[in-house]
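**Q** Pasted the sequence and its predicted model underneath.
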Amino acid sequence: MMNNYIALGFYILILGILTFIASRRGSADDFLRASSEIEWKIFALSVFASVISSYNIVVGLTFSFIFGPWVIVVYLGVLFAFIGIYYLAKNQNTEVVIGKRFNSVVDYFIFKFGERNASLLNLSLLLVLFIFISLQFFINTTVFSEILGWDKYTSSISVGIIVLLYISVAGLKVEVYTDAFQGILMLFVVGLVFMVDTSQISKETISPLLTDKTIIFGAISLAAVQFLTILVQPEMWQRIYATKSIVHVKKGLFASWILLMLVIIPLIIIGLSVRASGGIDNPGNLFYNILETSASEWFLPFLSVALFAAFMSSLDSSLFAISSQLGKYGFWIKSEEHPYHNQDNIVVKNTRVAIIIITILTLATSLYFSSFLLYVLQLVSLLTVISTVVLFSLLFKTTRNETFYGVIVALASFMYSAFGGLITEAPQTTLYPSAAVILYMFAQNFAVRVYNHMNKTT
């Protein structure tokens, strides 16, 4: 146990050093946008750390058990999202991005879809980020109870104070720096693959998974979910706007996907190993079962630091994303001439206050969670409906009014599916609201074209 504390102590010391380095200039531009100076190597590690996160490690093992080799298809969705993000970033008007001082995807929403649509999308993303942070705190309490013996109150409050301190001091710049450091540490998770019995993996084990239509359909559904969620992920776009150039974005996104595969492939092997050995009733607890039965005691300090890093990287990203959105726009965007929009010092002050408030509220909310997998799927379902509307509007060049009605239908479809029990632990159910939105927007687009054609003929 003492070794775990020593390892975590070194980790926290390095966080302190990185915070000091990132805060030396102390400018508002550094705090909000890292002065748009991030190079592709740091960007790649930061994106990797943000995408993999602690819940992705826990959920990734569960999905590896359920889907086997088809998990690769799931993460092809991430690759396609990276490609989509690159082309969206490439086609954005650079002069507008710089002139309007973009530092979040909400800035782009305002520019592209208008204030009314951006306000609804802003509210949706605030809800997504709030639930995600609460979920991170919930998973954290379970993981650190297993490794360090901490109770849920001690682990959540301790981690909450640490992330609150360094994000409040140096903002996005320290977030990107610490993500790069944390991304390297996360590679220690790969070591678990050498501690499970892989000898039972055989053709007989894998073949049924390869031909199971339910598994194939589930994996394809999750790939679509990954694509849609990452495409509008606020944390991702903050890093895009903090990067030096589109060339650095392109290199960084490709490198981060390679790093992602270095972790995902070992997770697939672990999931197949446990499946072949049998004896697992609830795959949702797979990660904790491996900690209890397979992880060597000498490896636990490395694993605890890696998991701590995975947790912190996603927590600090989401915490800064939601706080900076609130700091700049609040809950509803009143006008582009909002007094805070172009006064970075005021936005920084508001963001720091929001960081404290959100940390306290999400900590309290996390204590009421019970089943993380269902919450994860509901969370990504909300992100997918947002992304579906945005993607459809960009592809078919809908008017701002048409987009607005699409957002309303998207949110209504999600609420009905979530509270009506349509979204379950089956991955494909997360796409039900998005399917309803696509049908509506196609029907709306067709009706508008017919109406315009009739007006022209008369």
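**A** On my side now, so go ahead.
**Q** Please count neighbours and contacts with C-alpha atoms only from this point.
**A** Fine.
**Q** So which elements touch the helix or strand harbouring K456?
**A** Here K456, judged by DSSP states H and E, is contained in helix 432-457. Judged by 3 or more C-alpha pairs under 8 Å, 6 or more residues apart in numbering; DSSP states H and E, helix 432-457 is in contact with helix 372-396, helix 400-419.
**Q** Who's the closest spatial neighbour of A219, skipping the chain neighbours?
**A** Closest residue to A219 apart from its sequence neighbours, by C-alpha to C-alpha, 6 or more residues apart in numbering: V74 at 5.5 Å.
**Q** The helices and strands packed on helix 432-457: lowest mean pLDDT?
**A** Sorting these by mean pLDDT places helix 372-396 lowest, at a mean of 82.
**Q** what about that one, distance to the chain center?
**A** Chain-centre distance of helix 372-396: 12 Å, with C-alpha atoms, centre = their mean, to the nearest Å.
**Q** the inter-axis angle of that helix versus helix 400-419?
**A** 160 degrees (axes from the mean of the first three to the mean of the last three C-alpha atoms, to 10 degrees).
**Q** And helix 372-396, what does it pack against?
**A** Helices and strands touching helix 372-396, by 3+ C-alpha pairs under 8 Å, 6+ apart, are helix 105-147, helix 213-231, helix 400-419, helix 432-457.
**Q** Give the residue spans of the stretch 51-200 of the chain that score low on pLDDT.
**A** Counting by pLDDT under 70, the stretch 51-200 of the chain shows low-confidence ranges at 53-56, 95-96, 98-100, 140-148, 152, 192-193.
**Q** all helices of it, in order?
**A** Counting by DSSP state H, counting those that start in this stretch, the stretch 51-200 of the chain has helices at residues 71-91, 94-99, 105-147, 152-186.
**Q** same question, the stretch 201-350 of the chain
**A** Under the criterion DSSP H, counting those that start in this stretch, the stretch 201-350 of the chain contains helices at 203-211, 213-231, 234-242, 246-277, 286-293, 300-329, 344-366.
**Q** Residues in contact with stretch 347-359: which ones?
**A** Stretch 347-359 is touched from outside by 28, 31-32, 130, 160, 164, 168, 319-320, 323-328, 340-341, with contacts defined as C-alpha atoms under 8 Å, 6 or more residues apart in numbering.
**Q** Pull it out as CSV, backbone CA atoms only.
**A** What follows is stretch 347-359, C-alpha atoms only, in CSV (Å, rounded to 0.1, in the frame of the first residue of the first chain):
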residue,chain,number,x,y,z
VAL,A,347,-14.1,35.3,-18.9
VAL,A,348,-11.1,33.9,-16.9
LYS,A,349,-12.6,35.1,-13.7
ASN,A,350,-16.0,33.7,-14.4
THR,A,351,-14.4,30.4,-15.5
ARG,A,352,-12.5,30.0,-12.2
VAL,A,353,-15.8,30.6,-10.2
ALA,A,354,-17.5,28.0,-12.5
ILE,A,355,-14.8,25.4,-11.8
ILE,A,356,-15.4,25.6,-8.1
ILE,A,357,-19.2,25.4,-8.4
ILE,A,358,-19.2,22.6,-10.9
THR,A,359,-16.7,20.5,-8.9
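**Q** so how many other residues sit close to the closest residue to S393 other than its chain neighbours?
**A** Distances taken as C-alpha to C-alpha, 6+ apart put T403 closest to S393, at 6.3 Å, once the chain neighbours are dropped. A count of nearby residues for T403, using other C-alpha atoms under 10 Å, gives 22.
**Q** Would you mind listing the residues in contact with T403?
**A** Contact partners of T403, counting by C-alpha under 8 Å, 6+ apart, are F113, N117, V389, V390, S393.
**Q** So for Y153, which of the helices and strands packed on helix 432-457 sits nearest?
**A** The closest of those to Y153 is helix 372-396. By C-alpha to C-alpha, the value is 17.6 Å.
**Q** For A321, list the residues it contacts.
**A** A321 makes contact with S104, L129, P234, E235, Q238 under the criterion C-alpha under 8 Å, 6+ apart.
**Q** if you skip the residues just before and after it, what's nearest to the last one?
**A** Just to be clear, that refers to Q238. Closest residue to Q238 apart from its sequence neighbours, by C-alpha to C-alpha, 6+ apart: S104 at 5.0 Å.
**Q** I'd guessed that neighbour sits against V232; true?
**A** No. Applying C-alpha atoms under 8 Å, one finds S104 not in contact with V232, separated by 10.1 Å.
**Q** Between these two, tell me which one has more neighbours.
**A** Set side by side, S104 and V232 show more neighbours around S104, with 25 against 22, by other C-alpha under 10 Å.
**Q** gap between the residue nearest to Q238 and R24?
**A** Distance, S104 to R24, using C-alpha to C-alpha, to the nearest Å: 23 Å.
**Q** Ok, V58 next?
**A** Separation of V58 from R24 (C-alpha to C-alpha) stands at 36 Å.
**Q** okay, those two: which has more neighbours?
**A** V58 (22 against 10).
**Q** Domain map for this protein?
**A** The chain breaks down by automatic domain parsing into domains covering 2-369, 373-458.
**Q** which of those is buried the deepest?
**A** domain 2-369 (a mean of 20; mean count of other C-alpha atoms under 10 Å).
**Q** Report the distance from that domain to the chain centre.
**A** With C-alpha atoms, centre = their mean, you get 5 Å for domain 2-369.
**Q** what is the mean pLDDT for stretch 431-438?
**A** Mean pLDDT, stretch 431-438: 90.
**Q** If you could redo that for stretch 447-454, that was the one I meant.
**A** Across stretch 447-454, the average pLDDT comes to 83.
**Q** about what we covered before: the helices of the stretch 201-350 of the chain: which one's closest to V407?
**A** Closest among the helices of the stretch 201-350 of the chain, using C-alpha to C-alpha: helix 213-231, at 14.9 Å.
**Q** now that closest one: mean pLDDT?
**A** For helix 213-231, mean pLDDT is 85.
**Q** quick one, that helix and helix 432-457 angle?
**A** 70 degrees.
**Q** so what secondary structure elements neighbour helix 213-231?
**A** Other elements packing on helix 213-231 under the criterion 3+ C-alpha pairs under 8 Å, 6+ apart are helix 40-67, helix 71-91, helix 372-396.
**Q** ok, 7 Å please
**A** Counting contacts by 3 or more C-alpha pairs under 7 Å, 6 or more residues apart in numbering; DSSP states H and E, helix 213-231 is packed against helix 71-91, helix 372-396.
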